[in-house]
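Undergrad: here is a sequence together with a model predicted from it:
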Amino acid sequence: MALQLNSYLTMDGNAREAIDFYIQALKAEVLFIQSFGEMPENPEFPLPEEVKERISHATLKVGDSVLMFSDSFPGNPPQKGSMLSICVTTDDYADSERIFNALQEGGEVEMPLQQTFFSPGYAMVTDKFGVLFQIFTKSPQ
């Protein structure tokens with residue numbers, strides 16, 4: 001089982017600025033960056049224009065570590081204490097499911113484990129200690 005824990009920062013519309021800052025301050029390297037406007041369109045959920053330039057997901061390499069980012073939607077800013085989450089990355093759906101089920105015990109499911117356009121198994125759950133986890137299953141290569 002391959003398992004990684006990465007810090008995930010949710011910003012209030014200034015993720016691009018934060019990324020540029022960390023590139024300079026930490027000599028980070030951009031591994032991936034995508035705006036909401038670059039995501040596949042969903043006719044059931046059209047994006048407002050002011051959201052399209054915000055970052056839907058970015059990954060920076062900082063030394064031997066990874067730092068991930070996204071922007072929140074306008075009008076839904078991250079609350080103090082919820083800007084940082086832990087992204088648990090696995091390469092196996094069964095492992096993701098086991099971790100999700102364990103973390104939700106006594107906690108609160110923010111997004112059930114489900115297939116998305118970017119992962120065969122993605123979820124968000126706040127555990128019983130108030131820690132927000134994202135569970136991300138890598139797509140098979």
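TA: The structure has been received and is ready for your questions. Numbers count the residues shown, from 1 in each chain.

Undergrad: now do the strands in the chain.
TA: 3-11, 29-35, 55-62, 65-71, 84-90, 108-114, 122-126, 132-137 (DSSP state E).

Undergrad: for stretch 115-132, what is the distance to the chain centroid?
TA: 9 Å (Cα atoms, centre = their mean, to the nearest Å).

Undergrad: buried set for that stretch?
TA: For stretch 115-132, burial by neighbour count (16 or more other Cβ atoms under 10 Å) applies to 119, 121-127, 132. The C-beta positions use only the backbone N, C-alpha and C, and glycine is treated the same way.

Undergrad: run through who's touching it.
TA: The contact list for stretch 115-132 (Cβ atoms under 8 Å, 6 or more residues apart in numbering) reads 39-40, 57, 81-82, 84-86, 93, 96-97, 100, 103-114, 133-140.

Undergrad: ok, back up a step: what's the farthest-apart pair in the buried residues of stretch 115-132?
TA: S119 and D127 (19.9 Å; Cβ to Cβ).

Undergrad: quick check: end-to-end length of stretch 38-58?
TA: 12 Å (Cα to Cα, to the nearest Å).
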